[in-house]
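K.L.:
Need coordinates for the following:
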Amino acid sequence: MSRIDLHVHTTGSDGTFTPREAVALGVERGLKAMAITDHDTVVGHAEAIAAAQELGMELVPGIEISTKYGGAVHVLGYYIDAASESLRPVLDWIVEDRDRRNSKMVELMRADGFDVTYEGMKQRFGEVIGRPHFAELFVEYGLAKDVNDGFARFVEKGQKYYVPRTIMPIDQAVEIIVSAGGVPVLAHPFQYRKNDEELRDLITHCMDHGLRGIECRYTRYDADQVRYLEGLADEYGLIKTGGSDFHGQNKPHNHLGTGWDGELNVPYEWLEKLKEEAKKTR
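P.N.:
Residues are numbered from 1 along each chain as shown. So this is what the prediction gives:
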């Protein structure tokens, strides 16, 4: 069976591999196709597409948008048009809001004597700064054992250096992906800790605004969880997708193409269904 990975992050957002390095790793691991789905940005698309053409990888241009539906919920968008007039203003607004949040987090750290500047972080990590980058700093200060520890103790919600962002409603994000010619898919549904009724409410709400798929296979989802999500997808007539949520060293156990310990197995046939859906939006 030809493996694919439809959930990959790069240095375009909070990953540690450049788009080219991520594509090269996918080729090395024998993936037939992969999707670059950086958080709230499409800055890595051009580099990834060029690398994929050179190295013989099928590349799906994507995005993962942070939204809210009660709590935080993420929506994946596949085959989006990065030049879409409906998409660009939204991504610009997201960048402005993220910069506002990050600047406030830096101010809080500086008030406690940390020698850090936002411009310095950008020079080191790139233009797209996320909380994992702040967590990495706490590791270097000797205050956390690893990035996950730094994230949980210092920049997670409720911790001292956490500053909230302004997050758009999920229905707006789904509609934006559709208007940009993309296919919206609900990302990692079990992350939201919803019971069956609550998850169904979320799915039907999103379907009213154009949702077309569910991420059914994901790092550390066991067979029962996968079976449940695939059943929901079939029941609601939604396509199935899957991916590792690869971030490089920022999520070291989310291995590209294989997940935590090789349990991830996303078939190429799912991508064929995804491409059929993409044709309907154009």
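K.L.:
buried ones in the biggest strand by length in the chain?
P.N.:
Looking across the chain with DSSP state E, the single longest strand is strand 58-69. Neighbour counts over strand 58-69 (16 or more other Cβ atoms under 10 Å) mark 58-67, 69 as buried. All C-beta spots, glycine's among them, are computed from the backbone N, C-alpha and C.
K.L.:
between the following helix or strand past it and strand 58-69, what angle do the directions make?
P.N.:
Later in the chain than strand 58-69, the nearest helix or strand by DSSP states H and E is strand 71-78. Interaxial angle of strand 71-78 relative to strand 58-69 (axes from the mean of the first three to the mean of the last three Cα atoms, to 10 degrees): 160 degrees.
K.L.:
tell me the average confidence for the helix or strand just after strand 71-78?
P.N.:
Next along the chain after strand 71-78, taking DSSP H and E as the criterion, comes helix 88-111. Helix 88-111 carries an average pLDDT of 94.
K.L.:
who touches helix 88-111?
P.N.:
40-42, 65-66, 116-118, 121, 128-130, 134, 137, 155, 160-166, 168, 176 (Cβ atoms under 8 Å, 6 or more residues apart in numbering).
K.L.:
go again using 6 Å as the cut-off
P.N.:
With Cβ atoms under 6 Å, 6 or more residues apart in numbering as the test, helix 88-111 has contacts from 40, 116, 118, 129, 161, 163, 165-166, 176.
K.L.:
what does stretch 72-84 give?
P.N.:
Counting by Cβ under 6 Å, 6+ apart, 37, 42, 45, 60, 62-67, 170, 173-174, 177, 180-185, 187, 192, 274, 278 sit against stretch 72-84.
K.L.:
Please narrow the residues you listed to those residing in strands.
P.N.:
60, 62-67, 183-185.
K.L.:
So among the residues you listed, where is pLDDT lowest?
P.N.:
Least confident entry in the ones in strands among the contacts of stretch 72-84, by pLDDT: Ser66, with 92.
K.L.:
any idea how far that one is from Leu91?
P.N.:
Using Cβ to Cβ, to the nearest Å, Ser66 is found at 12 Å from Leu91.
K.L.:
What sits closest to Leu59 if chain neighbours are left out?
P.N.:
In this structure, Leu59 finds its nearest non-sequential neighbour in Ala52, 3.5 Å apart by Cβ to Cβ, 6 or more residues apart in numbering.
K.L.:
close enough to count as contact, that neighbour and Val23?
P.N.:
Yes - counting by Cβ atoms under 6 Å, Ala52 touches Val23, with 5.2 Å between them.
K.L.:
returning to that earlier point: got CSV for the contacts of helix 88-111, with distance to Gly248 too?
P.N.:
As requested, those are exported to CSV (distance: Cβ to Cβ, whole Å):
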residue, distance to Gly248
Asp40, 18
Val116, 22
Tyr118, 22
Ile129, 16
Tyr161, 23
Val163, 25
Arg165, 23
Thr166, 27
Ile176, 27
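K.L.:
possible to save those residues as a markdown table with neighbour count, pLDDT and distance to His7?
P.N.:
Formatted as a markdown table, the contacts of helix 88-111 follow (neighbours: other Cβ atoms under 10 Å; pLDDT from 0 to 100; distance: Cβ to Cβ, whole Å):
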| residue | neighbour count | pLDDT | distance to His7 |
| --- | --- | --- | --- |
| Asp40 | 23 | 92 | 15 |
| Val116 | 14 | 97 | 30 |
| Tyr118 | 16 | 96 | 28 |
| Ile129 | 22 | 88 | 21 |
| Tyr161 | 22 | 98 | 27 |
| Val163 | 16 | 97 | 26 |
| Arg165 | 16 | 89 | 21 |
| Thr166 | 12 | 89 | 24 |
| Ile176 | 26 | 95 | 19 |
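K.L.:
Tell me which two of those sit farthest apart.
P.N.:
Val116 and Ile176 (33.2 Å; Cβ to Cβ).
K.L.:
got the contact list for stretch 259-271?
P.N.:
By Cβ under 6 Å, 6+ apart, stretch 259-271 touches 1-2, 4, 32-33, 217, 219-220, 240-242, 244, 253, 258.
K.L.:
Can you flag which of these belong to strands?
P.N.:
With strands taken from DSSP E, the overlap with those comprises 4, 33, 217, 240-242.
K.L.:
out of the residues you listed, which is most surrounded?
P.N.:
Ranked by the number of neighbours (other Cβ atoms under 10 Å), those place Thr241 first, at 30 neighbours.
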